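Colleague: what follows is a predicted protein model with its sequence.
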Amino acid sequence: MNKSSKISGFYKLKPKERLALVKDFAGLTEEECDLIQNTGSLSLEVADHMIENVVGAFSLPLGIAVNFLINNRDYMIPMTIEEPSVVAAASYAAKMVRDSGGFYTTSTPPVMIGQIQVVDIEDPEKARQCVLEAKQEILEKANSQDPVLSSVGGGAKELEAKIISTTVGPMLIVELHVDCRDAMGANAVNSMAESVAPIIERVSGGRVYLRIISNLATKRLAKAWCTVAKEKIGGEEVVNGIINASAFAAADPYRAATHNKGAMNGIIAVVLATGNDHRAIEAGAHAYAAIEGQYTSLSTWEKTDEGDLKGTIELPMAVGLIGGAVRTHPIAKIALKILGVKTANEFAEVLAAVGLAQNLAALRALAHEGIQHGHMSLHARNIAIAAGAGERIADLVAERMVKERKIRMDRAKELIKELSA
Ligand code: NAD
C-alpha cells in the first residue's frame with residue numbers, strides 16, 4: 001500500500017520524532033538515521049531553529065583556496081562545495097595572478113532595491129507624481145522601521161517610481177533604495193517596503209500587492225580585474241585561446257551560461273561557507289547577465305598592449321556579515337574569521353575576485369589542456385571511493401580509470417577486486 005506524505009502537525013514534532021516518521025516512510029535503517037542525526041558542528045538544536053521540519057543536518061567539505069592577493073592584501077578563501085577541482089583551480093589561478101600583481105577591486109555602496117507594486121490606478125502618471133511628492137514622508141516611515149540600520153549609516157536613501165505595462169494593464173512600481181551597510185538586507189528592506197505600503201496606497205489611490213526586495217541588485221555591484229603575464233598563463237597561444245573563449249561567451253548565451261557557471265563555482269562556494277544566501281547571489285548574477293536583453297558573460301578577457309591577459313568581472317553582490325544564518329551557523333562565523341573581511345563591501349569585492357579567478361582557471365584549462373584532464377582525475381577518485389576503495393588503493397584505482405578513459409562505478413569495482421587480490 002502507498003504510504004501517505006500528508007502528515008498534520010509534522011512541524012510541531014521534535015527532530016527525532018519527525019525522523020521516526022521518515023524512517024518508516026522511506027524504510028531507512030537505524031544506521032542511516034544515525035548518520036542524518038549526527039549533525040557535527042551544527043547542533044541539532046541550532047539546525048532546528050534555522051529552518052522548518054528539521055530531521056538532521058547535511059555536511060559538505062570545507063576547503064581553503066590559497067594564494068589570493070587582492071588590493072595588495074593576502075586572503076585565505078573558505079569554500080564549501082561538493083564539486084572536485086574547484087578549490088584547486090581557484091588556488092592555481094590566484095597563484096598566476098599573484099605573480100602578476102594580484103587582483104584589484106571596487107564596489108558601489110551596498111544599496112538594495114525594495115519594490116512596491118501598485119495596481120488599479122486610473123492615471124498612472126499622476127499617481128507616480130503623487131508618490132514622488134510624498135518621498136520624504138515615505139523615506140522617514142521606512143527608516144523608522146530600522147533605527148539600528150540608520151545608526152550605522154544605512155537606511156532608505158532614495159525613492160523612484162516607474163510605470164510598467166503588463167498583461168493585466170499598467171502598474172506603478174515604487175522602488176526604495178536602501179543602504180544595507182553590512183547586512184544582505186532582505187529582511188530589512190522587506191519590512192521597510194511593507195511599512196510604506198499604506199502611504200503609497202493613500203497618495204496613489206491604487207492598491208498595493210507585492211512589497212519585496214529585488215534580487216537584481218544593480219545598485220550593489222562588485223568589480224574585480226587582474227592582469228596575467230603571458231608567460232605565466234602558458235604563452236601567446238593560451239592568451240589567444242582565452243580571448244576567443246571570452247568572445248564566444250559574450251556572443252552566445254549557451255556558452256555564456258557555462259562561462260558564468262564557472263565563475264559562480266567559486267563565488268557560491270564562499271557564499272555558502274559564510275552562511276550567506278546563495279540563491280540571491282545566483283538570481284542576481286544571471287539576471288544581471290541578461291540585463292541588456294540578451295544573456296551574456298559576466299566577465300571579459302582581452303589582450304594588453306604587451307600581449308598579456310587582462311580580465312574583468314562585474315556583478316551584483318548582496319552579501320552580509322550579519323543577519324540571516326551568518327551569525328547562527330558556527331562554521332559560517334569561523335569562515336568569516338578566516339576570510340578576515342571587515343565590511344560587506346570588502347566581502348563583495350573578494351567574491352568578485354574569487355569569481356574572476358575561477359573563470360580564469362576554467363578558461364585556461366579549456367584553452368590549454370581541456371577541462372577533463374584535471375577534473376577527471378578528481379572525479380575518478382570520488383568514483384573509486386564510492387565504489388568502496390580504501391585510502392590505500394583509491395589513487396591507484398582512479399589513475400587506472402583515467403588512463404583507460406573508463407571512469408565508471410562498474411570498472412572501479414573490478415579494479416578494486418583486482419588490486420585487492
Ligand atoms: P537581518 O534582518 O537578520 O539583519 C539585518 C539587520 O541587522 C539590519 O536591519 C539592522 O537592524 C541590523 N544591523 C546591525 N548592525 C548592522 C550593520 N553594521 N549593518 C547593517 N545592519 C546592521 O538580515 P537581513 O540582512 O536584512 O536579511 C537577510 C536574510 O533575508 C537572509 O537570510 C535571506 O536569505 C533572507 N531573505 C531573502 C530574500 C530574497 O533574497 N529575496 C527574501 C526574504 C528573506
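Modeller: Received it, and whenever you're ready, just let me know what you need.

Colleague: which outside residues touch stretch 250-257?
Modeller: Contacting residues not belonging to stretch 250-257 are listed as 248, 249, 289, 294, 295, 296, 297, 300 [CB atoms under 8 Å, 6 or more residues apart in numbering]. Where C-beta positions appear, they are placed from N, C-alpha and C, glycine not excepted.

Colleague: near the ligand, which of the residues you listed show up?
Modeller: Among those, no residue sits close to the ligand (CB under 6 Å from any ligand atom).

Colleague: the ligand: which of these is nearest?
Modeller: Top of the list for closeness to the ligand, among the contacts of stretch 250-257 and by CB to the nearest ligand atom, is residue 289 at 17.6 Å.

Colleague: what comes up buried for the helix or strand where residue 257 lies?
Modeller: Element membership for residue 257, per DSSP states H and E: helix 253-273. By neighbour count on 16 or more other CB atoms under 10 Å, the buried set for helix 253-273 is 255-256, 259-273.

Colleague: what helices or strands is whichever helix or strand comes after it leaning on?
Modeller: Heading C-terminal from helix 253-273, the first helix or strand you meet, by DSSP H and E, is helix 278-289. Under the contact definition 3 or more CB pairs under 8 Å, 6 or more residues apart in numbering; DSSP states H and E, helix 278-289 sits against helix 253-273, strand 309-316.

Colleague: now the angle from helix 278-289 to strand 309-316?
Modeller: Angle, helix 278-289 to strand 309-316, by axes from the mean of the first three to the mean of the last three CA atoms, to 10 degrees: 110 degrees.

Colleague: and the following helix or strand past helix 278-289, average pLDDT?
Modeller: Next along the chain after helix 278-289, taking DSSP H and E as the criterion, comes strand 299-303. Average pLDDT, strand 299-303: 98.

Colleague: buried by neighbour count: which residues of strand 299-303 qualify?
Modeller: Buried residues in strand 299-303, counting neighbours by 16+ other CB under 10 Å, are found at 299, 300, 301.

Colleague: stretch 309-326 now?
Modeller: For stretch 309-326, the neighbour count (16+ other CB under 10 Å) marks 309-321, 323-324, 326 as buried.

Colleague: and those, which two are furthest apart?
Modeller: Farthest pair in the buried residues of stretch 309-326 (CB to CB) is 309 and 323. Separation: 37.8 Å.

Colleague: need the residues of the stretch 51-200 of the chain near the ligand, please.
Modeller: By CB under 6 Å from any ligand atom, the residues of the stretch 51-200 of the chain that approach the ligand are 146, 148-149, 152, 154, 180-188, 190.

Colleague: for ChimeraX, what selects the buried ones among those?
Modeller: With 16+ other CB under 10 Å as the burial test, the buried ones among these are selected in ChimeraX as follows:
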select :146,149,154,180,181,182,183,184,185,186,188
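
Colleague: now, the most widely separated pair of the residues of the stretch 51-200 of the chain next to the ligand?
Modeller: 152 and 190 (18.7 Å).

Colleague: all helices for the stretch 301-421 of the chain, in order.
Modeller: Secondary structure of the stretch 301-421 of the chain (DSSP state H, counting those that start in this stretch): helices located at 330-339, 344-368, 372-386, 391-404, 409-420.

Colleague: before we move on, the earlier item: now distance to residue 92 too, for the buried residues of strand 299-303, in a markdown table please.
Modeller: Listed next are those as a markdown table, based on distance: CB to CB, whole Å:
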| residue | distance to residue 92 |
| --- | --- |
| 299 | 17 |
| 300 | 21 |
| 301 | 17 |
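
Colleague: of those, closest to residue 238?
Modeller: Of all the buried residues of strand 299-303, residue 238 sits closest to residue 301, with 11.1 Å by CB to CB.

Colleague: bridged to the closest one, which residues?
Modeller: Residue 301 has these beta-bridge partners by DSSP bridges: residue 311.

Colleague: torsion angles phi and psi at residue 183?
Modeller: For residue 183, the backbone dihedrals (degrees, to the nearest 10) come out as phi -100, psi 150.

Colleague: that one and residue 319 touch, don't they?
Modeller: No: the criterion here is CB atoms under 8 Å, and residue 183 misses it with residue 319 at 9.4 Å.

Colleague: quick one, strands of the stretch 1-150 of the chain?
Modeller: Under the criterion DSSP state E, counting those that start in this stretch, the stretch 1-150 of the chain contains strands at 62-70, 73-80, 104-107, 111-119.

Colleague: the helix or strand bottoming out on mean pLDDT in the chain - contacts with which helices or strands?
Modeller: When the helices and strands of the chain are compared on mean pLDDT, DSSP states H and E, helix 372-386 comes out lowest with a mean of 79. Judged by 3+ CB pairs under 8 Å, 6+ apart, helix 372-386 is in contact with helix 86-98, helix 344-368, helix 391-404, helix 409-420.
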